[in-house]
Structures are given as C-alpha cells and as structure tokens.
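> Give the three-dimensional model of this entry:
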Amino acid sequence: MNDSSTLDRLRPGQLALVQSLENSGPMRRRLRDIGLIENTLVECLGVSPGGDPAAFRVRGAAIALRREDSRQIRIRVLPPA
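This is a model prediction of the structure:
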C-alpha cells in the first residue's frame, strides 16, 4: 500500500496520520469534534465482516465510521513498528 491513502483502506493493526478531511457539512464538524484533524494518529481496530463499518482508535477513543465517510479522510500510512 502506498503511504498516502484514505482511511477506508487502513487494515486492522495499521497506524496512520490524518492529512486532511474532504467531508463536508455536519459529518466534517462531527469528525473534527472527536479530534480527527491534521496530524492526528489513527489506528484501525477492526472491520465488520461485511466491511462496513470499521472501528478506529482516535485520541484514546474507539469510533466506528461508515466506509463512505472514511473514504473522504486522507491519511498517511505509517510503517509497522
């Protein structure tokens, strides 16, 4: 996987830094309110069996996002530790 991607491409156990939000309206505001801003560390915790939604750890909290919303979040995937 290229190091620049979107959040919906992150797999369980992978870490990434948020580069930008391409969402708009209430969803953009909600994401910013929970701390998804530039340079925020995000970890994929798991993906439901059908692939939607996926769970992520953001600033110590677990959140679930639908694929259509996570597809609009640009990230930089970090190399494994």
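
> Phi first, then psi, for Arg30.
Its backbone dihedrals place Arg30 at phi -60, psi -50, with angles given as degrees, to the nearest 10.

> Quick one, grab the pLDDT at it.
Arg30 is assigned 93 on the pLDDT scale.

> Ile75 now?
97.

> how deep is it tucked in, by neighbour count?
23 (other Cβ atoms under 10 Å). In this view, the C-beta of every residue, glycine as well, is placed from N, C-alpha and C.

> Nearest residue to it in space, ignoring adjacent ones along the chain?
Excluding the flanking residues, the one nearest Ile75 by Cβ to Cβ, 6 or more residues apart in numbering is Ala16, at 3.9 Å.

> Send over whichever strand or helix holds the one you found as CSV, restricted to the C-alpha atoms.
Element membership for Ala16, per DSSP states H and E: strand 15-21. This file holds the C-alpha atoms of strand 15-21, laid out as CSV (Å, rounded to 0.1, in the frame of the first residue of the first chain):
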residue,chain,number,x,y,z
LEU,A,15,-1.5,3.2,12.1
ALA,A,16,-1.8,6.4,10.1
LEU,A,17,-1.7,10.2,10.4
VAL,A,18,-4.7,12.2,9.2
GLN,A,19,-3.6,14.5,6.3
SER,A,20,-7.0,16.2,5.5
LEU,A,21,-10.8,15.8,5.7
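
> Just give the strands next to that strand in its sheet, each with its orientation.
strand 41-47 (antiparallel), strand 73-77 (antiparallel) (DSSP bridges).

> Name the residues of that strand that are buried.
Leu15, Ala16, Val18, Gln19, Leu21 (16 or more other Cβ atoms under 10 Å).

> hey, where'd the strands end up in this protein?
Assigned by DSSP state E, the chain shows strands spanning 4-6, 15-21, 41-47, 54-58, 61-65, 73-77.

> buried residues in stretch 65-72?
In stretch 65-72, counting by 16+ other Cβ under 10 Å, buried: Leu65, Arg67, Asp69, Ser70, Gln72.
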